[in-house]
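A.B. asks: Sequence plus the predicted model coming up.
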Amino acid sequence: MGSTIKTKFGDLQVSDDIMSGAFNSIPIVDLKNINSPDISQRRDLALQLKDACIRVGFFYIKNHGIDASLVARMHTKAHEYFSLPIDEKMKCSRADSKVFRGYTPLLSEFDQMDHSVGSLCEGFDIGYEFDADPQATRDNELHKISNMYGENVWPDERVLPGFRATYLEYYANLLKLSRNLLKMFAVALDLPDNYFDAFVTRPGSMSRLIHYPPQPIPGGNHPGIAPHTDFECFTILSQDSVRALQVLNSQNKWIMAEPIKDHLVVNVGDFLQFWTNGLFRSTFHAATNLTGLDRYSIPFFFGVNYDAVISVLDSCITKDMPLKSKTKSVVAGDYVRQQLDAVYNKPFDAPL
Ligand SMILES: O=C(O)CCC(=O)C(=O)O
Ligand SMILES: [Fe+2]
């Protein structure tokens with residue numbers, strides 16, 4: 001029993017079983033000491049994160065400091081947005097954006113290797129803007145730095161009052177948490193805790209609201225999002241109480257990432273996998289909503305400055321772990337554009 005999935009990193013042989021409820025296999029990390037003045041407590045946290053990133057590439061976080069009421073308000077705004085008439089949603093069409101921002105209707109995004117079946121989800125994407133970053137330096141015109149910076153598109157304030165303000169507040173809070181977490185990753189890699197700071201002064205981080213409707217034909221299993229890895233450093237996901245997210249474990253079995261109240265889900269993305277020469281796993285995951293209920297999720301994809309060059313860390317290239325990728329450096333914005341093009345415009349014809 002099993003099947004092969006074609007991925008951007010090559011073919012994967014996966015078991016068809018879904019181990020449901022097995023969230024013991026996805027560790028829970030308590031972030032209460034993330035800002036502790038006691039360096040030994042922070043180092044202990046960094047080691048827990050390191051273990052999760054090496055073994056699984058996925059973990060839940062609790063005591064993360066994102067206010068439950070802010071998360072609830074954001075989910076309410078997502079419901080309100082997706083409940084708008086399609087004509088109103090299409091006024092924000094992503095297809096009109098040069099930087100992949102705005103509204104993507106049902107069945108309009110694809111597996112990066114195969115565009116034959118559209119995903120059963122609709123999405124609304126935003127990206128970095130100075131107003132979403134209380135720490136913004138505003139010392140440059142972003143669009144001159146990388147062609148991945150650009151304008152966000154927003155629904156009319158009269159149609160959806162408070163939508164923009166709530167999303168920017170949510171984004172700003174997630175940015176702060178992500179910059180903090182990245183410091184812990186630096187410690188986990190035996191680097192100074194500010195090692196990555198210069199990479200994230202204007203981080204190319206997108207966030208999206210996603211709505212997965214119930215299966216149109218009861219009993220169907222149309223994928224909501226095909227197996228993929230995320231592109232950036234890591235993703236912080238808020239899912240509602242409806243299950244759908246599955247994670248491929250190291251035995252290539254799907255594990256259901258059950259929703260846990262007030263916890264967020266974090267997964268390693270391609271940049272951290274690349275930086276660490278594969279030590280941290282950018283784990284394949286997918287979402288299919290079989291519940292008969294509407295499901296909403298809100299990923300925040302924490303990246304680095306789009307103009308930043310990411311080079312494999314020397315400390316992660318050893319005799320036992322020679323360089324795994326074809327190239328030693330990538331420009332962040334170029335990589336993300338290439339990946340998003342394969343989702344929306346033209347599939348990869350061969351693995352990377
Ligand atoms: O909705 C989810 O649970 C996962 C979404 C996801 O993996 C993505 O947008 O990259
Ligand atoms: Fe993802």
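C.D. replies: Done, it's in. Ligands and ions are numbered 1, 2, ... in the order given.
A.B. asks: contacts, neighbours, all on C-alpha from now
C.D. replies: Fine.
A.B. asks: Which residues of this structure lie near ligand 1?
C.D. replies: Asp230, Leu245, Ala286, Ala287, Ser297, Pro299 (C-alpha under 6 Å from any ligand atom).
A.B. asks: before we move on, which element is the last one in?
C.D. replies: Read it as Pro299. Assigned by DSSP states H and E, Pro299 belongs to strand 295-302.
A.B. asks: Alpha carbons only: can I get that strand in PDB?
C.D. replies: Presented in PDB, the C-alpha positions along strand 295-302 are these (Å, rounded to 0.1, in the frame of the first residue of the first chain):
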ATOM      1  CA  ARG A 295     -12.800  25.400   7.700                       C
ATOM      2  CA  TYR A 296     -10.700  28.600   8.000                       C
ATOM      3  CA  SER A 297      -7.000  28.900   8.600                       C
ATOM      4  CA  ILE A 298      -4.500  31.800   8.700                       C
ATOM      5  CA  PRO A 299      -0.900  31.100   7.900                       C
ATOM      6  CA  PHE A 300       1.800  33.700   8.400                       C
ATOM      7  CA  PHE A 301       4.900  32.800   6.300                       C
ATOM      8  CA  PHE A 302       7.900  34.500   7.900                       C
END
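A.B. asks: Give me the contacts around that strand.
C.D. replies: Outside strand 295-302, the residues that touch it by C-alpha atoms under 8 Å, 6 or more residues apart in numbering are 75, 78-79, 171, 174-175, 178, 203-214, 230-243, 289.
A.B. asks: Can you pick out the most distant pair from the residues of the chain next to ligand 1?
C.D. replies: Asp230 and Ser297 (15.0 Å; C-alpha to C-alpha).
A.B. asks: Relative to ligand 1, which residue of the stretch 151-300 of the chain is the closest?
C.D. replies: When distances are taken as C-alpha to the nearest ligand atom, the stretch 151-300 of the chain reaches nearest to ligand 1 at Leu245, 4.4 Å away.
A.B. asks: count of neighbours near the residue nearest to that residue when sequence neighbours are not counted?
C.D. replies: In this structure, Leu245 finds its nearest non-sequential neighbour in Ala287, 4.4 Å apart by C-alpha to C-alpha, 6 or more residues apart in numbering. Around Ala287 there are 23 other residues, counting by other C-alpha atoms under 10 Å.
A.B. asks: which residues sit in contact with Ala287?
C.D. replies: By C-alpha under 8 Å, 6+ apart, Ala287 lies in contact with Pro223, Gly224, Ile225, Ala226, Pro227, Ala244, Leu245, Gln246.
A.B. asks: what number of residues lie near the first one?
C.D. replies: Summarising burial for Pro223: neighbours were counted as other C-alpha under 10 Å, giving 22.
A.B. asks: same question, the fifth one
C.D. replies: Pro227: 19 surrounding residues under other C-alpha under 10 Å.
A.B. asks: Helix, strand, or coil at it?
C.D. replies: Secondary structure for Pro227, judged by DSSP: H, G, I helix; E, B strand; the rest coil, is strand.
A.B. asks: In which helix or strand does the closest residue to it other than its chain neighbours reside?
C.D. replies: Among residues not flanking Pro227 along the chain, Ala286 sits closest, at 4.4 Å (C-alpha to C-alpha, 6+ apart). If you go by DSSP H and E, Ala286 is part of strand 285-287.
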